[in-house]
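1. this one's sequence-less:
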């Protein structure tokens, strides 16, 4: 997309077919745990069974165990109950397809990819609680944009955590991105300001701003985040292209509180769900989709660069429920 | 969704209160609420099921049904069972009989290992130990730097061999510790997924090489249902001695704590309660039970108060309150003491039923600063007899304190209301009293 928009150079495209397959394979591999833990259990319950109340209760149990949350689990099971009645489904095996459809529908509700760049620089701000994987996600995103021959500039807005600036600098070196930082402990808004003005001066294509991890209940730090965002907006003279909340997929129901509170502080444009490969649960993705109007834009299914993928609801559900693999 | 269990339970119990006696179905309904609340607090599903069964057995017995206050009895039983499930009493760090004691800190990525390791070193140093920090996370970029910076902050030496094999680093560090007279060696390992066999093997190798007296598993309090699998997996491969629960200063209710304890039988030894280096506290199972239930942590609050408040002054203050002789001068004194106890939002969070209500209201020290400024701008006479503060004095006070006349008005009005409420101290309704005092901080 960069080549098309910002540069006249056209390098040869990789064979799309092959790339797709590799991508999907990665997704399937990354979701292996979830597939075993969640879909496996669903299948155990459904196969060869008659549809009755007991079956629905067992399904509810599985959904809650997968971190879908109480209300989302109840919602999904209610949907299944209704459709089983309407469509006169009596065999458990047929419910599997229905569940798959309902999950897909939930995930597609607000789905949208990363915004298409319109104006230089394309600005992304990463926010989230401590340890959710913001800096690593930035590294992977930077790599991706660099692959697309974009000039990337990283802003070290986490001036609080010891070593955070060095960590991002290493990512900048690895990916060949430019790097703007101040001293540890300095004002993150000032770093953000400098990053944007530097990007303008150097004609960068993409700016990715890191921010310090903060718990959503810390009112002062949330206010600080709002300020950083406003400073960027003002210096940019328009809205940021993406403000992404990074959520650890092993998080439980607290992820909902995170999304709500962060949304109050800054206008989030979407979510990044990291560490999906490490959890047999990951149902929080359904809870987030059901209870909030936020698109999941990226998912992290492994530690490699290419394991950060655009979220594609259909591919996701297919990888989860797909045969074989 | 974010309603606390106590609020929901109170609703259920209010419905039950008029009944005098509870039937089994009443108890069932209450238990259903408890079950949902525990699930929403991320307590593991199986743990919840066993737990509810246990509570039910006690609750439908004589204990509750014949009680005059059945609702409270149910809550009491739930609280007791929860505390028991979390391990009863507090567990301490295991140190070796012959120094140096080696402590290994392990966990998933982003759970807070490096910060916890440094906090622990600081805590041990405060108790007279000579800790050595070891940077064995060679994978995450700048993890070593992070530990070095933290080590500098808390003035504890950090041992590092760059990106050498972590097993080699650990071994060399213990030898270094021995020859430099460090009695505790704390090893910060790299974060890893519990399913990553290669990295788990590495941990086992480190363990074999340095024979730690304590292996602490760091678990993020926000972890969902997977917490159990994580703990089980680590526990299967390593002799975990205890758990550190981090990020408890957020609004996660920490159901993970309950699950981990229930499934692995390993005690939670410490909890992380702030980003600052002093934010590590011993874990108290009974207090955590209250938190999961949303019942507040009165004990910690009292302890903090005991540690910082002058007993004699406090008694005098209480007497004054009772006689409604409480003046703004006394209030000023109280503000000072409160500030000594720590950030107000943390204190308020420990009060029963207050946590949720106050979240997002932005209660923090800046409100106190404002109130203090207003009181400081009054004359001693005005503080003792606030009723003499008429409009010109109000204007002067507002000017002097950099606030608006409305702020001064509000403070005076709320101060009066509070005083009134204390007058009725003999039979006040709890809710009203609380609101009176705390509305001062809004």
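-> Right, received. Where do you want to start? Computed from a predicted structure; not experimentally measured. Residues are numbered from 1 along each chain as shown, chains lettered A, B, ... in the order given.
2. which strands or helices does the longest helix anywhere in chain B pack on?
-> Criterion DSSP state H: the longest helix present in chain B is helix B:405-423. Applying 3 or more CB pairs under 8 Å, 6 or more residues apart in numbering or on different chains; DSSP states H and E, one finds that helix B:405-423 contacts helix B:365-376, helix B:391-401, helix B:430-438. To be clear about C-beta, it is placed using only N, CA and C from the backbone, and glycine gets the same treatment.
3. at 6 Å instead, please
-> helix B:391-401, helix B:430-438 (3 or more CB pairs under 6 Å, 6 or more residues apart in numbering or on different chains; DSSP states H and E).
4. how far out from the middle of the chain is the first one?
-> Just to be clear, that refers to helix B:391-401. 40 Å (CA atoms, centre = their mean, to the nearest Å).
5. quick one: average pLDDT of it?
-> Taken as a whole, helix B:391-401 has an average pLDDT of 90.
6. how about the last one?
-> The average pLDDT for helix B:430-438 rounds to 40.
7. ranges for the strands of the chain?
-> Chain wasn't specified; assuming chain A. A:122-128, A:152-155, A:178-180, A:206-209, A:242-248, A:270-274, A:296-300, A:308-310 (DSSP state E).
8. actually it's chain B I care about, not the one you picked
-> Under DSSP E, chain B gives strands at B:101-107, B:131-136, B:158-159, B:184-189, B:214-220, B:242-246, B:268-272, B:280-282.
9. the shortest one - contacts with which helices or strands?
-> Using 3+ CB pairs under 6 Å, 6+ apart as the contact criterion, the elements in contact with strand B:158-159 are strand B:131-136, helix B:143-154.
10. could I get the strands of chain B as JSON lines with mean neighbour count and mean pLDDT?
-> Compiled in JSON lines, the strands of chain B are given as follows (neighbours: other CB atoms under 10 Å in any protein chain shown; pLDDT from 0 to 100):
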{"stretch": "strand B:101-107", "mean neighbour count": "26", "mean pLDDT": "95"}
{"stretch": "strand B:131-136", "mean neighbour count": "28", "mean pLDDT": "95"}
{"stretch": "strand B:158-159", "mean neighbour count": "22", "mean pLDDT": "95"}
{"stretch": "strand B:184-189", "mean neighbour count": "28", "mean pLDDT": "96"}
{"stretch": "strand B:214-220", "mean neighbour count": "26", "mean pLDDT": "94"}
{"stretch": "strand B:242-246", "mean neighbour count": "26", "mean pLDDT": "92"}
{"stretch": "strand B:268-272", "mean neighbour count": "24", "mean pLDDT": "91"}
{"stretch": "strand B:280-282", "mean neighbour count": "17", "mean pLDDT": "90"}
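11. what sits against the residue nearest the centre of chain A?
-> Nearest residue to the geometric centre of chain A (CA atoms, centre = their mean): residue A:272, 1.7 Å. Contacts for residue A:272 were tallied using CB atoms under 6 Å, 6 or more residues apart in numbering or on different chains; they are A:137, A:244, A:246, A:298.
12. please name the nearest non-neighbouring residue to the last one.
-> Spelled out, that is residue A:298. Of all residues not flanking residue A:298 in the chain, residue A:272 sits nearest, at 4.4 Å (CB to CB, 6 or more residues apart in numbering or on different chains).
13. contacting residues for residue A:142?
-> Counting by CB under 6 Å, 6+ apart, residue A:142 has contacts A:152, A:175, A:177.
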